[in-house]
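Chemist: Compute the structure for the input listed below.
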Amino acid sequence: MGEQARARRSDAVRNRGRILTAARHLVTERGPQVSMSEIAGHAGVAVGTLYQHFPTKADLVSAVVAEQAGELVDAVVQAWERVRDDHAEPAAELLAFVERVLEAAAVDRAVKAAARSLGAEPEFSDAEARGAAALGHLIDAGRAAGTLRHDLAVSDLYLLVATCPTDQPPEVRRRWLTLVRPGLLRQ
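Modeler: Numbering: from 1, shown residues only. Below is the predicted model of the structure:
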C-alpha cells in the first residue's frame, strides 16, 4: 500500500472515530431524533462522509452500541489479565467491573433506547464470547482464591446487569452496589 493510500485510510479511521464519538454524545444528549447532519457537523465531517461509513442512522447507532460493548469487553479482559498475572485480586476486579458496567449502562441508556427505537441490531457475538470467557476466568480465579461464592456463574452477572437500576440517581446506584456486593462474595 502506498503512502497516499495509507494516509487516506488513516483519515477514514479518524473520521469514523469522530463520527462515533459525536453520535454517542448527541444521541445520549438528545435521543434518536438527532439528525445525521447534526452528527456530521458535530464530528467535523461532511454528511457524505458520514453516510459512507454509516448508510443509515440504525447502522450508526448499532456501531455506537457495539463500540460501548467492546469497551466493556476490553475492561473485563484487562481485569482478567491483571488477575492472571498476579497483579490484582479476583473479587476486587470483579466488583470493580460490575460497578463499571452499572455506570456505563446508566450513562449510555439513551443510546440503547435509540438503538431499540431505530431497530438497530448491533453485532456482539465475538465480543460477547471474549467477555464471557474473561468473566468465567475471573470467577474461577475468585472461587479458587476463596473470595467469590462457589456457585457464582457468568449468567448470574448477566442477571445482575439486566436488573441494575440504571435509571436511578448515582446515590441509588451506589446503594444497589453496596447491597449486591456481599451476594457475590464468599461468606
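
Chemist: Quick check: phi and psi on A88?
Modeler: phi -160, psi 160 (degrees, to the nearest 10).

Chemist: for the protein, what spans make up the helices?
Modeler: 3-30, 36-43, 47-53, 57-84, 90-107, 109-118, 125-145, 154-163, 170-184 (DSSP state H).

Chemist: quick one: the third one to chain centroid distance?
Modeler: Pointing back at helix 47-53 there. 24 Å (C-alpha atoms, centre = their mean, to the nearest Å).

Chemist: what does the fourth one give?
Modeler: In terms of C-alpha atoms, centre = their mean, the gap separating the centre of helix 57-84 from the centre of its chain is 4 Å.

Chemist: which helices and strands sit right next to the least confident helix or strand in the chain by mean pLDDT?
Modeler: Least confident helix or strand, the chain: helix 109-118 with a mean of 72, by mean pLDDT, DSSP states H and E. Helix 109-118 is packed against helix 3-30, helix 57-84, with contacts defined by 3 or more C-beta pairs under 8 Å, 6 or more residues apart in numbering; DSSP states H and E. C-betas here are computed from N, CA, C, even on glycine.

Chemist: could you give the angle of that helix to helix 90-107?
Modeler: Angular relation of helix 109-118 and helix 90-107 on a 0 to 180 degree scale: 60 degrees, by axes from the mean of the first three to the mean of the last three C-alpha atoms, to 10 degrees.

Chemist: which other residues reach helix 109-118?
Modeler: 24, 27-29, 31-32, 57-58, 61-62, 64-65, 68, 105, 120, 122, 166-167 (C-beta atoms under 8 Å, 6 or more residues apart in numbering).

Chemist: Now with 7 Å, please.
Modeler: 24, 27-28, 31-32, 57-58, 61-62, 64-65, 68, 122, 166-167 (C-beta atoms under 7 Å, 6 or more residues apart in numbering).

Chemist: Kind regards, and thank you for your time.
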